[in-house]
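1. Provided below are the primary sequence and the corresponding predicted coordinates.
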Amino acid sequence: MSNNNQNNGNRSNKNNQQRSVSDSLKNTAGAAFQTVHSALETTENIAMNVVDGTTNVVNSITDNSNNNSNSKRNNRK
């Protein structure tokens, strides 16, 4: 009986260690994926800000160009 109990105890310890390693790997992978996800969100936000800034510059140039054209037309009259 003593041997049987010891074997059961060893199996239980081994199972607990395997679960612990598995949980640790899952937690590490989860943290890594979260980091990558956050980095992608940050990259997306930066890209959207660049697009917004470019749009503002283009609109500003277009507005100035339209204003200059209107001024030239008004000066000809």
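-> Noted; the coordinates are in hand. Numbering: from 1, shown residues only.

2. can you pull out the low-pLDDT segments for the protein?
-> 1-6, 8-9, 69-77 (pLDDT under 70).

3. and the helices in it?
-> 2-76 (DSSP state H).

4. what is the burial count for residue 63?
-> Summarising burial for residue 63: neighbours were counted as other Cβ atoms under 10 Å, giving 10. In this view, the C-beta of every residue, glycine as well, is placed from N, C-alpha and C.

5. repeat for residue 53
-> When counting by other Cβ under 10 Å, one arrives at 10 neighbours for residue 53.

6. then residue 41?
-> In terms of burial, residue 41 registers 10 neighbours under the definition other Cβ under 10 Å.

7. ok, it to residue 48 distance?
-> Residue 41 sits 11 Å away from residue 48, taking Cβ to Cβ, to the nearest Å as the criterion.

8. before we move on, what about residue 42?
-> Taken as Cβ to Cβ, the spacing of residue 42 relative to residue 48 amounts to 11 Å.

9. just residue 32 next, same as before
-> Computed with Cβ to Cβ, the distance linking residue 32 and residue 48 is 25 Å.
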